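Chemist: structure here, sequence nowhere to be found:
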């Protein structure tokens, strides 16, 4: 995976992820770290305020419901410190008044649970770009061996030969190419490519892997490998 967004000086973007559900905080943190961000987590309002003061993040992902005081109060304290860091609210609430209240209080965006990690990362990229703290770098081109994928134009080539992919095949290949040499389980692929759990239909991954192999590996040294009982891995042909 190439680093796609950095601070203007080339250093990693800094994010503070605040959620009292540890698993959610770590999941979001992991997704951002894969993108090259430096991430800290907090699980209470008090930890959130201290975290902002301590690491001076470029963006804050802030759950509205926290055990000591809520996300609105966290935001009030951050703004009272004179910090204009962009804030994206996470909330299980979907009532319009809650969203409006969050934005009126000085939040910059919101995502309602359950959410897609891809969408959340895209929203955060947009926030830091609008705030002027980020620059894009090698954003659109992924390359593994002689396989090249352009995220903007959706063009894919191997050894210079163009490969035509459907939208779903493209998303699957992009996820594999963002994680070269890393074994990805069917569950991980379902979550990141399809954004929800297919339950008993996990064989959809096998189906689309077979489609990709016919297009990417046909007549060539294979790059997509099955690790029995573990998942799939993409690596340069030997």
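Modeler: Cool, the structure landed. Just so you know, these numbers come straight off a predicted model, no measurement behind them.

Chemist: please make it C-alpha for all contacts and neighbour counts, starting now.
Modeler: OK.

Chemist: would you map the strands across the protein?
Modeler: 5-7, 14-18, 38-42, 59-63, 87-91, 109-112, 134-136, 141-144, 147-150, 156-158, 161-163, 224-227, 231-234 (DSSP state E).

Chemist: so of these, which one's packed in deepest?
Modeler: strand 59-63 (a mean of 27; mean count of other C-alpha atoms under 10 Å).

Chemist: which strands or helices does it pack on?
Modeler: Judged by 3 or more C-alpha pairs under 8 Å, 6 or more residues apart in numbering; DSSP states H and E, the packing partners of strand 59-63 are strand 14-18, strand 87-91, helix 117-130.

Chemist: quick one: contacts of that strand?
Modeler: 14-20, 70-71, 85-91, 124, 127-128 (C-alpha atoms under 8 Å, 6 or more residues apart in numbering).

Chemist: so where's the chain shaky on pLDDT?
Modeler: Applying pLDDT under 70 to the chain picks out residues 1-5, 8-9, 93-106, 133-139, 195-202, 238.

Chemist: could you dump the strands of the chain to TSV with distance to residue 51?
Modeler: Below are the strands of the chain laid out as TSV (distance: least, C-alpha to C-alpha, whole Å):
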stretch	distance to residue 51
strand 5-7	19
strand 14-18	7
strand 38-42	7
strand 59-63	10
strand 87-91	13
strand 109-112	20
strand 134-136	21
strand 141-144	34
strand 147-150	37
strand 156-158	42
strand 161-163	46
strand 224-227	40
strand 231-234	37
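
Chemist: wait, which of the ones you listed is closest to residue 184?
Modeler: strand 231-234 (5.2 Å; C-alpha to C-alpha).

Chemist: who does the closest one touch, helix- and strand-wise?
Modeler: Packed next to strand 231-234, using 3+ C-alpha pairs under 8 Å, 6+ apart, are helix 167-178, strand 224-227.

Chemist: what about 7 Å?
Modeler: strand 224-227 (3 or more C-alpha pairs under 7 Å, 6 or more residues apart in numbering; DSSP states H and E).

Chemist: direction included, what does the strand it packs on pair up with?
Modeler: Strand 224-227 has its sheet partners listed here by DSSP bridges as strand 231-234 (antiparallel).

Chemist: dump the helices and strands packed on strand 59-63 to CSV, plus distance to residue 44.
Modeler: Output for the helices and strands packed on strand 59-63, formatted as CSV (distance: least, C-alpha to C-alpha, whole Å):
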stretch, distance to residue 44
strand 14-18, 7
strand 87-91, 14
helix 117-130, 21
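
Chemist: among these, which comes closest to residue 177?
Modeler: Once the helices and strands packed on strand 59-63 are compared by C-alpha to C-alpha, helix 117-130 is nearest, at 15.1 Å.

Chemist: list the buried residues in the closest one.
Modeler: Applying a neighbour-count criterion of 16 or more other C-alpha atoms under 10 Å, one finds 117, 120, 123, 124, 125, 127, 128, 129 buried in helix 117-130.

Chemist: the inter-axis angle of that helix versus strand 87-91?
Modeler: Helix 117-130 runs at 160 degrees relative to strand 87-91, counting by axes from the mean of the first three to the mean of the last three C-alpha atoms, to 10 degrees.

Chemist: which strands or helices does helix 117-130 pack on?
Modeler: Checked by 3+ C-alpha pairs under 7 Å, 6+ apart, helix 117-130 has helix 22-34 packed alongside it.
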